Structure formats: C-alpha cells, structure tokens
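Q: requesting a structural model of the entry that follows:
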Amino acid sequence: MDCTVATFYQFVDLPDFEAKRTPLKQECDLHLVQGTIILAHEGINGTIAGPKDGVESVLEFIRSDERLAKLSARLSGTERITFHRMKVLLRPEIVTLGTPDADPRAGVGEYVEPDDWNALISDPKVTVIDTRNDYEVEMGTFRGAIDPKTGTFGEWVEYVRKNLDPEKHPKIAMFCTGGIRCEKASAYLLRHGFKDVFHLRGGILNYLQNTPEADSLWEGDCFVFDHRVSVKHGLEQGEYEVCFGCRWPLTQADKQSPKYERGVSCPRCADGLTPERRSRLLERHRQVSLARNRGAQHIGQQPRRNRKTAIQPTQDD
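A: A predicted model of the protein is given here:
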C-alpha cells in the first residue's frame, strides 16, 4: 500500500502546547496516521505517514490553529511501512540544543533557496558546515562540507566554541535534513557575534527534491528519521538498512563483513555485544521474520539506542 510521508516544523509561541496533545493524537488515530510529533513552548516538529488523504487531514487540523496556519510540510511517497505507532510527545524543545542562547523566534540566519545553494557553497570564502550528527554525515553530505563530528545536536555549542570565530569565519553556510536544526544553529551564531550566516531553506530534502541530479553537489544518500532509513534525489527511497544492535546505518561493505549478522550486529557493535543482548536480538529478528512471512506487522521491542546513535523519528532532533 502506498504511503505518504510528511515532515514539518514551525517555531512559534505555544504556551498551551500540553493541551494540544490529546486532540492531535485523536485526529491522527482517526485518519490512520502514524509517526511522531513533538510539541513544546517553542513550536511543533513532526514526521507522520499514512494514507494521503489522512495525512492531509492531519496537516489541516494542525493549521486550523491560526498560530500554525502557515505551517509548511514536505511530502514524499513510499511503499514501505514507515512507522508502527503514533506518538505525540511533550518536550522542553522541539529540537534539542539545551541552551537559551538559541531562539529562532528572535532571529535566524538568511535562507538560501536550492537554486542558489550551489553558488554559495562553491565560494571559497564561505565556510560550509553540516550540522547533522556523525552517523548522518557518513551516509552522505555536500561536497566540501565540514563534518563537525558531533554525536548529538547538543554538542553544537561546544563545536562552535572550539572551532569557529567571527573574525576567521565571516561567512558561514549550514545545512541539515529538513531545516529545523539550522534554525537553532544559526540563531546561536547570531547571538555570539557571527554576522553573515546562511542556511539551506527546507534542508537537504528540499534540495534533493528540487535539484536535478546532474546539477547536484550532494554526494551519497540522506538519512531520514523513519523506517525508510535514507532517500536519494527525487526523495526516492535509498538502499540503506540500520543495524538493530547499535542503530548505525549500514553500507554494502558493512553487510559483507563477517561481523555483520542481519537483525543482530554489524562491524561497529559486534565485539561489544553481550550473549544476553545477542540472544534478545536473535529472538526479535525471528519474530519479525515470522510476522513478515505472515504478511503482518511486528512492533516488538525497539532497538536499544546509545548516545552516538540516538536516532529519533522526527526530523533533525
């Protein structure tokens, strides 16, 4: 069955965000929509999937709040089951940075459209930074971009303190999956003396959807925060899988390794896997395989996440 996936976010004052949780969850359930939506004082962030009419109905329900009337969403299609449940979460932030020095509602960097992005990042005077986490960058990034080697977005502040200077880096261009992380990253830079700060409007997803592959400066796949794992140009589903032992995206080389065991481990985690953990993963994989053979869904125990692979089902969290 074809499935429509929608990713969206908006920074806006929502002092009553807690009261929105139950009616939003009910609306999603009514229209057979699954995924994750985060609500906070600072706004909304989500990735949802389901029948096209259902997804559009949920988006219209969200926009019925005049504060969210201009909410934009990026839609794509897949034949794969994208989520297994619907969660509406209450959080301190819709994307976690952990500092009050980054409020996009007070101001962000200059948006750059996909059509203008290639020229900007090709300028040798511009410092181009991938603000995503290490496991995302490994899958793909823009040609020549700096990898900050962060395990979580919360490490962005430390990275800036140690590596960036307004005098040495007068022009900075940043990008992330859907744009939300760059809103906070650019707000933080502006608060700390950086003047010319740019970020890709709509993020990598917008670029891949609107830039012909022949003209693209993107290399590799783009990690996405659902069970598709990755997308390519045109937002077509990629070929990546995720290791259930450590949640790291797997390359073809990883899957050729003798330490790779489908549903259990990969070269990054095999040596540290305890017998008990391996036994649980084997049983989970067996149950998933049985369910797949019956044509059913298996939710089962969610794979354990460690700090460096804290993959969230919402964009750029």
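
Q: burial measure for the closest residue to Leu97 other than its chain neighbours, as a count.
A: Sequence neighbours aside, Lys184 is the residue nearest to Leu97 in space, at 5.0 Å (criterion: CB to CB, 6 or more residues apart in numbering). To be clear about C-beta, it is placed using only N, CA and C from the backbone, and glycine gets the same treatment. Neighbour count for Lys184, taken as other CB atoms under 10 Å: 27.

Q: for Met139, same thing?
A: 20.

Q: in the stretch 151-300 of the chain, which spans are strands?
A: Applying DSSP state E, counting those that start in this stretch to the stretch 151-300 of the chain gives strands spanning 171-175, 196-200, 218-220, 222-223, 230-231, 241-242, 249-250.

Q: the fourth one pairs with which strands?
A: To tie it back to what came earlier, the one meant is strand 222-223. Note on strand 222-223: by DSSP bridges, its sheet partners are strand 230-231 (antiparallel).

Q: ditto for the second one
A: Taking DSSP bridges as the criterion, strand 196-200 pairs within the sheet with strand 110-112 (parallel), strand 171-175 (parallel).

Q: switch those over to CSV; also include mean neighbour count, mean pLDDT and distance to Pro212.
A: Output for those, formatted as CSV (neighbours: other CB atoms under 10 Å; pLDDT from 0 to 100; distance: least, CB to CB, whole Å):
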stretch, mean neighbour count, mean pLDDT, distance to Pro212
strand 110-112, 15, 97, 18
strand 171-175, 24, 98, 18
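
Q: can you list those strands in a markdown table and add distance to Lys70?
A: A markdown table is the format used below for the strands paired with strand 196-200 (distance: least, CB to CB, whole Å):
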| stretch | distance to Lys70 |
| --- | --- |
| strand 110-112 | 14 |
| strand 171-175 | 22 |
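
Q: of those, which is nearest Thr96?
A: strand 171-175 (17.1 Å; CB to CB).

Q: quick one: that closest one to chain centroid distance?
A: 18 Å (CA atoms, centre = their mean, to the nearest Å).

Q: so that it lines up with my notes, have the first residue be 21 from now on.
A: Sure, I'll start counting at 21 from here, so that last one is strand 191-195.

Q: any low-confidence regions in the stretch 171-320 of the chain?
A: The stretch 171-320 of the chain contains residues with pLDDT under 70 at 308-309, 311-320.

Q: what about the helices in it?
A: Using DSSP state H, counting those that start in this stretch, the helices of the stretch 171-320 of the chain run over 176-183, 200-211, 223-230, 272-276, 295-314.

Q: hey, C-alpha coordinates of the last one in PDB?
A: The one in question is helix 295-314. The C-alpha coordinates for helix 295-314 follow below in PDB (Å, rounded to 0.1, in the frame of the first residue of the first chain):
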ATOM      1  CA  PRO A 295      25.500 -13.000  24.900                       C
ATOM      2  CA  GLU A 296      22.200 -11.900  26.500                       C
ATOM      3  CA  ARG A 297      21.800  -8.900  24.200                       C
ATOM      4  CA  ARG A 298      22.600 -11.100  21.200                       C
ATOM      5  CA  SER A 299      20.000 -13.700  22.200                       C
ATOM      6  CA  ARG A 300      17.300 -11.000  22.600                       C
ATOM      7  CA  LEU A 301      18.200  -9.600  19.100                       C
ATOM      8  CA  LEU A 302      18.100 -13.000  17.600                       C
ATOM      9  CA  GLU A 303      14.700 -13.700  19.000                       C
ATOM     10  CA  ARG A 304      13.400 -10.300  17.900                       C
ATOM     11  CA  HIS A 305      14.700 -10.900  14.400                       C
ATOM     12  CA  ARG A 306      13.000 -14.300  14.400                       C
ATOM     13  CA  GLN A 307       9.700 -12.800  15.400                       C
ATOM     14  CA  VAL A 308      10.000 -10.100  12.800                       C
ATOM     15  CA  SER A 309      10.700 -12.700  10.100                       C
ATOM     16  CA  LEU A 310       7.700 -14.800  11.100                       C
ATOM     17  CA  ALA A 311       5.400 -11.700  11.100                       C
ATOM     18  CA  ARG A 312       6.700 -10.700   7.600                       C
ATOM     19  CA  ASN A 313       6.100 -14.200   6.300                       C
ATOM     20  CA  ARG A 314       2.500 -14.000   7.600                       C
END
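
Q: good, wrapping up.
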